[in-house]
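>>> quick one: sequence plus predicted model below, questions after.
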Amino acid sequence: GAVVSQHPSWVICKSGTSVKIECRSLDFQATTMFWYRQFPKQSLMLMATSNEGSKATYEQGVEKDKFLINHASLTLSTLTVTSAHPEDSSFYICSARVLGGRAGDTQYFGPGTRLTVL
Amino acid sequence: GDSVTQMEGPVTLSEEAFLTINCTYTATGYPSLFWYVQYPGEGLQLLLKATKADDKGSNKGFEATYRKETTSFHLEKGSVQVSDSAVYFCALNAGNNRKLIWGLGTSLAVNP
């Protein structure tokens, strides 16, 4: 149980285009999903917290107009990188917090999406 | 604020060696503590967790005990294998929104 999928697993795009990444909880409902960015050989950087049915909460320094997050249902959150540039190239990871039980106890992670902007 | 400190890597061991990766934390309240593992080319996987003091999390031969008196959650394994080569992250969740606070990760390489 508690499987999270991401699609696509990798994407290469031209500078200036937009890229959408999907995060799905396959066998549970998640009122809260998180989006992270991971740079090579570094820890995860939390970008935003996505709550179903409401606006995402962005961490300081993360441009909300560049990284659009939509959490349309209890099993799906999307991250759209708008007008991507080479510096946006990174490994993007989502996680979902299990609904119910002790709030926030465990996050389950997707396999990540490797974005390369040429 | 809340924080997690992990020992720096990389850690290189021979197969069947004993592993310890230190993790200490600072937090207000009573956080839950986690170890996540990231194998090469893969996403993060929850390895083990502990939700209160003196709890021991265990999985795949790895163990970690929540020590409130020393604010530690050290990861141990008695005999490592080549397949354990990965990056290990210590994390806690705390605060009203229960965000995960991450350590920087420790890279482990196990040689045959």
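Arrived safely.

>>> ok, for B:Ser72, nearest residue in space, not its chain neighbours?
The shortest distance from B:Ser72 to any non-neighbouring residue, by CB to CB, 6 or more residues apart in numbering or on different chains, is to B:Thr24 (5.0 Å). Quick note: C-beta positions are derived from backbone N, CA and C, even for glycine.

>>> not counting stretch B:35-50 itself, show me its contacts.
Outside stretch B:35-50, the residues within contact range by CB atoms under 8 Å, 6 or more residues apart in numbering or on different chains are A:6, A:44, A:93, A:95, A:105-112, B:23, B:32-34, B:56-60, B:62-66, B:73, B:75, B:85-91, B:105.

>>> name whatever forms a beta bridge with the residue most central in space within chain A.
In chain A, the residue lying closest to the centroid (CA atoms, centre = their mean) is A:Trp35, at 3.3 Å. Going by DSSP bridges, A:Trp35 is paired in beta bridges with A:Ala48, A:Cys94.

>>> by contact count, what packs against the helix or strand of chain A with the lowest mean pLDDT?
Each helix and strand of chain A was given a mean pLDDT (mean pLDDT, DSSP states H and E); the minimum falls on strand A:107-109 at a mean of 86. Applying 3 or more CB pairs under 8 Å, 6 or more residues apart in numbering or on different chains; DSSP states H and E, one finds that strand A:107-109 contacts strand A:90-97, strand B:44-50.

>>> how does it look with 10 Å?
In terms of contacts (3 or more CB pairs under 10 Å, 6 or more residues apart in numbering or on different chains; DSSP states H and E), strand A:107-109 is packed against strand A:4-7, strand A:32-38, strand A:90-97, strand B:32-38, strand B:44-50.

>>> got the CA coordinates for the next helix or strand after the last one in CSV?
Okay, so that is strand B:44-50. Using DSSP states H and E, the helix or strand that follows strand B:44-50 in sequence is strand B:56-59. Only the C-alpha atoms of strand B:56-59 are listed here, as CSV (Å, rounded to 0.1, in the frame of the first residue of the first chain):
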residue,chain,number,x,y,z
LYS,B,56,12.8,1.4,17.8
GLY,B,57,12.1,1.4,14.1
SER,B,58,13.4,-1.5,12.1
ASN,B,59,13.3,-2.7,8.5
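
>>> elements contacting strand B:56-59?
strand B:32-38, strand B:44-50, strand B:62-65, strand B:75-77.

>>> so which bits of that strand are buried?
Buried residues in strand B:56-59, counted by 16 or more other CB atoms under 10 Å in any protein chain shown: B:Gly57.

>>> identify the residue spatially nearest to residue 16, adjacent ones excluded.
Let's take chain A. Distances taken as CB to CB, 6+ apart place A:Ser83 nearest to A:Gly16, at 5.7 Å, with adjacent residues excluded.

>>> actually chain B
Computed as CB to CB, 6+ apart, the closest residue to B:Glu16 that is not its neighbour in sequence is B:Ser79, at 4.7 Å.

>>> check contacts around the one you found.
When contacts are counted by CB atoms under 10 Å, 6 or more residues apart in numbering or on different chains, B:Ser79 touches B:Glu15, B:Glu16, B:Ala17, B:Phe18, B:Leu19, B:Gly61.

>>> quick check: A:Cys94 touching A:Thr78?
Yes. Between A:Cys94 and A:Thr78 there is a contact under CB atoms under 10 Å: 9.4 Å.
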